[in-house]
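Novice: with the input below, show me the fold.
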Amino acid sequence: MTIRPLIVTMGDPAGVGPEIIARAWPVLATQPGPLAPVVPFAVIGDADVLAIQGVKVEQVFSPSDAAAVFGRAIPVLHAPAPAPVTPGQPDPHNAPAVADWIERAVDLTLSGEACGIVTAPIAKAPMYASGFRFPGHTEFIAELTADMPFSGTRGPVMMLTAKDLRACLVTIHVPIDQLPELITADRVMRVARVVHESMKRDFGIAAPRLALAALNPHAGEGGSIGLQEVEVLRPAAAALRAEGLNITDPLPADTLFHDEARARYDATVCLYHDQALIPVKTLDFWGGVNATLGLPIVRTSPDHGTGFDIAGKGIARADSFIAAVRLASEMAAARATR
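Specialist: Numbering: from 1, shown residues only. The predicted structure is shown next:
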């Protein structure tokens, strides 16, 4: 089975994106050991910025050229940054190009020329200064794919992975004191449906097992430590089971992420940011991946930011980017077999 290439967007060219792409390419191009095959990728961005990282770069004119080039050089769909790039010094004049790289990657994937996207990090401040109106990649890509037909519950839902953990979020960047109002049965059920369908579509799991994390300590202890489990989460889980989903009642989060517990489910529905991110970063601080579920396209990203403070110093680690490419390859392969 031949899978079309992935598209990698360079992210903010003044950040660590070019460096981690350059560090990752020789690892991914050789595909060592028993790991699953990696889909070749082409980078959309400034070829000159990538070339100064000390790796071989070759301009291509179509994603279809990537496979033939990938073993000897990084294939690049060259789209120059309009302003000079200085590592660690983001320039809002380059932000429109950064957004254009993402939009072009989505277009190539929707057209069938690519099988998915891996996005290197962008920074909100320079993007906002240029008029960018989205909170981040996830919302922008969701908007770009909104008119594309999709046979399933539409996201976006953020999933963070580390080793065998897939942690999926009901809420993301919100204050803790807003959680009781934001965690509604409708939100929980929509996220659970997206996750259930994604486990089938993107991971080839025929009968997904989902765990639902509780909000309160000890899962509320029957309402004595909060009522969300009794009033919202248990009824939502029961309704989902009536739809045919295999999902637990809300479980205490402090016993949900150890090795034996993780063996009992394929993904967990987490209610807030730190509930998911603490176990992810504890399991694999350097190798976590951010994936967006419930979209017509595959999209993953390294689970870290632009790293302007270390950009250009030769110390950025590529572990998370490598894992993001591997995960996107896995998800694209699963979709290709459906």
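Novice: the helices in the stretch 201-338 of the chain, which residues?
Specialist: 228, 234-242, 259-262, 273-283, 319-336 (DSSP state H, counting those that start in this stretch).
Novice: ok, which of these comes nearest residue 298?
Specialist: helix 319-336 (4.6 Å; Cβ to Cβ). All C-beta atoms are positioned from the backbone trio N, CA, C, and that covers glycine.
Novice: which residues of the chain score low on pLDDT?
Specialist: Regions of the chain meeting the criterion pLDDT under 70 cover residues 1, 31-37.
Novice: next up, the contacts around the residue positioned nearest the centre of the chain.
Specialist: Note on the chain: the residue nearest the mean C-alpha position is residue 291, at 2.1 Å, using Cα atoms, centre = their mean. Contacts were defined as Cβ atoms under 8 Å, 6 or more residues apart in numbering; by that measure residue 291 touches 158-161, 299-301, 324, 327-328, 331.
Novice: how is the chain partitioned into domains?
Specialist: The chain breaks down into these domains under automatic domain parsing: 1-150+298-338, 151-294.
Novice: how far does the shortest one sit from the chain's center?
Specialist: Looking back up the chat, that one is domain 151-294. Centroid separation between domain 151-294 and its chain, computed with Cα atoms, centre = their mean, to the nearest Å, is 16 Å.
Novice: between the two ends of it, how far is it?
Specialist: Using Cα to Cα, to the nearest Å, the end-to-end distance of domain 151-294 comes out at 10 Å.
Novice: before we move on, what SS does the residue lying closest to residue 60 once chain neighbours are set aside have?
Specialist: Spatial nearest neighbour of residue 60, chain neighbours left out: residue 75 (4.5 Å); criterion: Cβ to Cβ, 6 or more residues apart in numbering. Following DSSP: H, G, I helix; E, B strand; the rest coil, the label given to residue 75 is strand.
Novice: residue 42: which of the contacts of residue 291 is nearest?
Specialist: For these, the nearest to residue 42 is residue 328 (13.0 Å; Cβ to Cβ).
Novice: quick check: that closest one touching residue 6?
Specialist: Yes - counting by Cβ atoms under 8 Å, residue 328 touches residue 6, with 5.5 Å between them.
Novice: residues that sit against both of these two, list them.
Specialist: With Cβ under 8 Å, 6+ apart, residue 328 and residue 6 have common neighbours 39, 116-118.
Novice: turn those residues into CSV, columns for secondary structure, distance to residue 104 and neighbour count.
Specialist: CSV is the format used below for the shared contacts of residue 328 and residue 6 (DSSP: H, G, I helix; E, B strand; the rest coil; distance: Cβ to Cβ, whole Å; neighbours: other Cβ atoms under 10 Å):
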residue, secondary structure, distance to residue 104, neighbour count
39, coil, 18, 28
116, strand, 14, 29
117, strand, 10, 27
118, strand, 14, 28
